[in-house]
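Visitor: Sequence first, then the predicted structure, then my questions.
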Amino acid sequence: MLSPVNVSLESLNLITLAPMLIPIIGALMIIVIDLFKGGLDKTLYVVISILFLMLDFGALMDSAGVFSKDGIMLGVFNVMLIDGLAILSQFIIVLTSMLFIPLAMTNKRFHEFSYPEFFALFLFMIAGFQFMVSSDNLILIFVGLETASLALYTLIAMHNRDKSFEAAVKYFTMGALAAGLYSFGSMVFYALTGSVEINQIASVLAANDYADIAYVLVAVVFMLAAFSFKLSLVPFHTWAPDVYEGSSAAMAGYMSIVPKIAAFVVAMRLFEFLIHSGVVWLEIVLWILVVVTMTAANIWALVQTDVKRMLAYSSISHAGFVMAAILIGTTQSNSALFLYWILFSFTNLGSFSMLWMSRQKHIPNNQMSDHSYDKFAGMIKTAPVAASSMALFMLSLAGLPPFALFWGKLYLISSAVTGGYTVLALIMALNSAIAGYYYIKLIVYMFMKEPVVGNDGQIYVSNATLALKSIIGFAAVGTIFAFVLLNPLLEFITAFVYNSGY
Amino acid sequence: MLDHILSILIFFPALAGVFGFMIQKDSMRAYGVAVATIEFVLSLVLWYTFDNGVSGMQFMENIPLIPSFGINYILGVDGISLFIIILAAFFTMIGIASLTDTPNVKNMIITLLFLQMTMIGVFSALDAIVFYVFWELSLVPMLYIIGAWGGPMRIYASVKFFLYTFTGSLVMLVGMLFMAYFFYQATGVWSFAILDWYRLILPESFQLWLFAAFFVGFAIKVPMFPFHTWLPYAHGQAPTIGSVILAAILLKMGTYAFIRFSLPLFPDASAFFMYPIAIIAIIMIVYTAMIAYAQKDVKQVVAYSSVSHMGVIILGTFALNVEGISGSIFLMIAHGVVSGALFLLVGVIYDRRHTKMMDQFGGLAHVMPKYATIFGIMMMASVGMPLTINFVGEFLSLLGFYQQSHILTLLAGIAIIVGAIYMLAAYKKMFFGEVTIEENRNLPDVNKRELIALIPLVLITIWLGIYPKPILTPINNSVEAVVQLMHNKATSEEAKMRIPNISGVVITKTTSGEAH
């Protein structure tokens, strides 16, 4: 005999769901519009997506206001957890999505943008990521992760090239494996502690003083592998370059930022308490993972002949670099993670948009691939503004001051220094020097080589529209003048991270 | 206006560079010369209003940049940096004025103006991060100058230059972050201000590690043996203007940073590492002098002689007393003038013959008497003949080090004499004897544009060689303050003994208000 369940609506605190529901409503609306009248232009859907993302942003501002007044919010049977990390990462997710979606307004026609489903899936994916970051319930995290990932696989496949199918299937297979590993890890944690809430797991484990350390380690191994797949950490990175190559440059740029910040936040929630409770083994494994990811990915990037693959490896290396923040685990390092990722998203937005702008439908004979280095030879002579902005993004990625990413690197390395990881700090610094080579290589091609005969610079801007140009201009201004906004940004992030207890 | 003269000096050329994009190609050179002249006049105004009697920082500016992390835009000059700033403005001016026909002259001049911003920024920054920003930023224009206008191996040379320096400075950055962290631990606030760091006394073991971290960055820039291998490539491939700026100003960043950072921040470590560094410096002087003798390319001779002279500067710096440090700063300026002039002179002959191989010349003194005379004066100055500018610096540097070690100074002195051999040999090969190659018979002598660049350099060389006091006095004042600071901060017995106590020197702390 079941007793009736009485739940008052107030205790559910449904307002915590608002930011996620807005993009879902937007996605449904796009589908409904298509139901009534098909064949509408992509510009409509782009603008509708942007409008809903703006609403989403407004809802987030609201949550941020509540958080800074009342602290952490729980809702919906305490499954939702709106803390500083959730809000910060959702800001990054929504803002980056807002900046990436106008890239659909290209000059050339592309298959995927003629379907409204593309934009619906895009918004569903954002909702999935938002769920993923604003919960410490392993099941809800899983649901959010899978919603987002399945949508993302489809978005990649919709690019409708042989390579993009390959990329989508590869990503899907690897993602499925990661999902399996994730559920195994959660299972072991549940078996150990009888809970799927991370804070419960933490307190139960602490209460019995990590008696079952062997099982904890098993669970951690599964979780670590799952997140390494998602964050493309070496040796779980093998999918990344192929997937980046296969998907459109806009999508690749998006993938290098948004899914990763979501995964970082979950990893931070999960691994932070383990590191702080002295699971030395995890610390050592993470240390090795971080160092190998940074260094190996950098070395692979050196030998790439295609700029997009180079940027894929560089993203892997940056992910490893930022993973160091989770290893260090101080308030400063966790703030540095967010700061770094915001600045990184600006720079990567710019560089991938540049590639997207020069997308060729037919590859000429002298080029091995769409974005091979030779394509950019002598770009300064034929398209000086485009070449200068590309160089700017490369210098920023290399960590040259005073451009955006330098400040992220500075703060992150400083957090390694204050956290007592001296050797790690040095390795991080030296890796930036290795990375310098392949970024400079592109600059060398652009500025110091002669253009290929017959190249009048048109190919670099063949896909350009006002929308794309403004996005790149926005990214460029953000990259150059990052230092102006750095102080308020840093104070904001630090306050949010600190008040969430990280 | 004078309150912000340093900011104006830094950002005026950059802003002018941005506007330069609007100028028509044929008028670009005149625009470049005009901007650089205004900049030079401004730097002279700075000198004119500079108070020689004050040893501390003047014309200070302070704007918060990231106050929560202790990064502020702080600028200031003292006697140590003042003349290097003027030198940078001067060389950019004559560099642009003497620019020969270059493809893409517009891009070149804009790049030079940006380079000038970074150079002046480095020498006037008083915040470690701002210093680092300009220090790193200076690599980009130089990368472009070498890589786009250089010789056949220009890409290899430019990338090597960039990566070498970039790696070194990243290690230095970690050192800076540690320094800021120690400051945070000691005081509870983050600060990257150099003047704040001066007040921090560190235990000797920390000093040694931090000194090493900074040393990597500075030593690559100087470049000190064994990190010097990028320099011959960079000089060999760079266009004339690139070599001139590189030798005259960019290399001085390293030696300047030793005096600004390493010595006052880590006095014990400086005393501890004095002998090893002195030995490296002497190896630099002797070894590169020997390599220079073996070169067939006259530009490489000048390049290696440059490394050799940088060795003397390092030796003077690590004498750790007023004579040595003042001498090394004076020698920085002297070396800037002389090696800059020598690279310009090599450029003159390269423009005419498109070769730099010495066996292609011979007997040039008959064909180009004016050129031979100027080259001769500069060569004598480079060798360190009395009554030329280099002599003053070398003499003071060695005099300073003589107080620390007689044997090493003797070795260095002999090395300098040996160093004279390759210069005289090179001069003999190029200028004396019969004209053996037919093409050389009708070479035109130096023209007006080249004279505009060269004559002032000759005048400075002789004027400051005879009467160095106008610039030696302010240098001396500031150096005395630094040495006194080092003596006060030193904790180890050895450092107290090595670094003299200058009694009776009044250290005047100034604010921007008092300075003028």
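Guide: Sure thing, it's come through.
Visitor: where does the closest residue to chain B within the stretch 251-400 of chain A land in three-state SS?
Guide: Scanning the stretch 251-400 of chain A for the residue nearest chain B gives A:Leu400, at 5.5 Å (criterion: Cβ to the nearest Cβ). Glycine gets a C-beta too; all of them are placed from N, C-alpha and C. With DSSP: H, G, I helix; E, B strand; the rest coil as the basis, A:Leu400 sits in coil.
Visitor: which residue packs closest to it, ignoring adjacent ones?
Guide: Using Cβ to Cβ, 6 or more residues apart in numbering or on different chains and skipping residues adjacent in sequence, the residue nearest A:Leu400 is B:Glu136, 5.5 Å away.
Visitor: which outside residues touch the host helix or strand of the one you found?
Guide: According to DSSP states H and E, B:Glu136 maps onto helix B:128-137. For helix B:128-137, the external contacting residues (Cβ atoms under 8 Å, 6 or more residues apart in numbering or on different chains) are A:400-402, A:406, A:410, B:65, B:71-75, B:117-119, B:121-122, B:125, B:166, B:169, B:172-173, B:176, B:179-180, B:192-194, B:197, B:253, B:257, B:261.
Visitor: Restricting to C-alpha, output the following helix or strand past it in CSV.
Guide: For helix B:128-137, the succeeding helix or strand toward the C-terminus, using DSSP H and E, is helix B:139-149. Extracted C-alpha coordinates of helix B:139-149, given in CSV (Å, rounded to 0.1, in the frame of the first residue of the first chain):
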residue,chain,number,x,y,z
LEU,B,139,59.6,39.7,-30.5
VAL,B,140,56.8,40.0,-33.0
PRO,B,141,57.9,43.0,-35.0
MET,B,142,61.5,41.6,-35.1
LEU,B,143,60.2,38.3,-36.2
TYR,B,144,58.4,40.0,-39.1
ILE,B,145,61.4,42.2,-40.0
ILE,B,146,63.8,39.3,-40.1
GLY,B,147,61.3,36.9,-41.7
ALA,B,148,59.9,39.1,-44.4
TRP,B,149,62.9,41.2,-45.4
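Visitor: which residues touch A:Leu177?
Guide: A:Phe229 are the contacts of A:Leu177 under Cβ under 8 Å, 6+ apart.
Visitor: And for B:Ala269?
Guide: B:Ala269 sits next to B:204, B:207-208, B:210-211, B:262 when contact means Cβ under 8 Å, 6+ apart.
Visitor: Chain A: which of the residues you listed is nearest?
Guide: Of all the contacts of B:Ala269, B:Leu210 has the smallest distance to chain A: 11.5 Å, by Cβ to the nearest Cβ.
Visitor: So the closest one versus B:Gln403, what's the distance?
Guide: 26 Å (Cβ to Cβ, to the nearest Å).
Visitor: picking that back up, what's the mean pLDDT across the helix holding B:Glu136?
Guide: Helix B:128-137 shows a mean pLDDT of 93.
Visitor: Same question for stretch B:315-326.
Guide: Mean predicted confidence for stretch B:315-326 is 90.
Visitor: cool, and stretch A:178-186?
Guide: Per-residue scores along stretch A:178-186 average to 93.
Visitor: which residues sit against it?
Guide: The contact list for stretch A:178-186, computed with Cβ under 8 Å, 6+ apart, reads A:138-139, A:142, A:145-146, A:149, A:196, A:219-223, A:225-226, A:229-230, A:236.
Visitor: all strands for the chain, in order.
Guide: Picking chain A for this. A:73-75, A:80-82 (DSSP state E).
Visitor: right idea, wrong chain: chain B
Guide: B:58-66, B:71-77.
Visitor: Can you say which of the contacts of stretch A:178-186 are buried?
Guide: Neighbour-count burial (16 or more other Cβ atoms under 10 Å in any protein chain shown) applied to the contacts of stretch A:178-186 gives A:138, A:142, A:145-146, A:149, A:196, A:219-223, A:225-226, A:229-230, A:236.
Visitor: Might you enumerate the residues of chain A proximal to chain B?
Guide: A:380, A:395, A:398, A:400-402, A:406-407, A:410-411, A:413-414, A:417-418, A:422, A:425-426, A:429-430, A:432-433, A:436-437, A:440-441, A:443-444, A:447-448, A:483, A:486-487, A:490-491, A:494 (Cβ under 8 Å from any Cβ of the partner chain).
Visitor: quick one, what contacts the nearest residue to B:Leu342 once chain neighbours are set aside?
Guide: Leaving out its chain neighbours, the residue that sits closest to B:Leu342 by Cβ to Cβ, 6+ apart is B:Val302, at 4.7 Å. For B:Val302, the contact set (Cβ under 8 Å, 6+ apart) comprises B:235, B:247, B:339, B:342-343, B:346.
Visitor: All set, thanks.
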